[in-house]
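Asks: Predicted structure and sequence below. I'll ask about it afterward.
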Amino acid sequence: MGEFDQNPDIDEKPPMPLRDVLEKVKPFIMAYEGIQSQEEWEEVIEETMKNVPLLKEIVDYYSGPDRVTAKRQQEELERVAKTIPASAPSSVKQFADHAVLSLQSNPGWGFDKKCQFMDKLVREAEPLPLQWLCSGQGSEDSKSYSLFHDSFQRKDARR
């Protein structure tokens, strides 16, 4: 049974050194490449290790040196969600928590777009008019949430 306090998809483990990874897959590589002897294996490893800086440069060029891990994305989205003002109704805070979960589960959006959405959500939650919070009709949270949600959609439609 798995442990509930860990998420293997997000929890970061330190990367294995390249030489260790190559040793781990040595039998497969030797068979695939037709390497017959240990000396030949050592030559291939030395040549590969000489090319590592070039390979890293290529990876950084195409994926960017500032890659953001899934764990870092989760931390950043949660941090932004926690910046919703204390004066905001609990339903808005719950909406933000649900938005974080939805964004984490959405691989179609890039991290920058997810951050923009959460920033907008926080911005829209800040200027909640006092009449929304103090209206005597219905529960405070459901009324505020409904007005907040409608306002958010109207402003989105204008842009």
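Replies: Done, it's in.

Asks: Can you give me the domain boundaries for this structure?
Replies: 1-67, 70-158 (automatic domain parsing).

Asks: now the helices for the protein?
Replies: 18-24, 26-33, 38-63, 70-81, 90-104, 111-125, 130-134, 140-158 (DSSP state H).

Asks: what would these look like in a markdown table with mean pLDDT and mean neighbour count?
Replies: For glycine as for every other residue, the C-beta is placed from the backbone atoms N, C-alpha and C. Compiled in a markdown table, the helices of the chain are given as follows (pLDDT from 0 to 100; neighbours: other C-beta atoms under 10 Å):
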| stretch | mean pLDDT | mean neighbour count |
| --- | --- | --- |
| helix 18-24 | 91 | 12 |
| helix 26-33 | 92 | 12 |
| helix 38-63 | 90 | 11 |
| helix 70-81 | 84 | 16 |
| helix 90-104 | 86 | 16 |
| helix 111-125 | 85 | 16 |
| helix 130-134 | 47 | 11 |
| helix 140-158 | 49 | 14 |
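
Asks: For Val80, which non-adjacent residue is closest in space?
Replies: Met118 (4.2 Å; C-beta to C-beta, 6 or more residues apart in numbering).

Asks: any idea how far the one you found is from Pro107?
Replies: Taking C-beta to C-beta, to the nearest Å as the measure, Met118 falls 17 Å from Pro107.

Asks: Could you check how far the residue nearest to Val80 is from Ile35?
Replies: From Met118 to Ile35 the distance is 50 Å (C-beta to C-beta).

Asks: follow-up on the earlier one: contacts only, for the residue nearest to Val80.
Replies: With contact set as C-beta atoms under 8 Å, 6 or more residues apart in numbering, Met118 has these partners: 77, 80-81, 96, 99-100, 103.

Asks: Please report the distance of it from Trp109.
Replies: 11 Å.

Asks: Find residues that contact each of those two.
Replies: By C-beta under 8 Å, 6+ apart, Met118 and Trp109 have these common neighbours: Leu103.

Asks: Perfect, that will be all.
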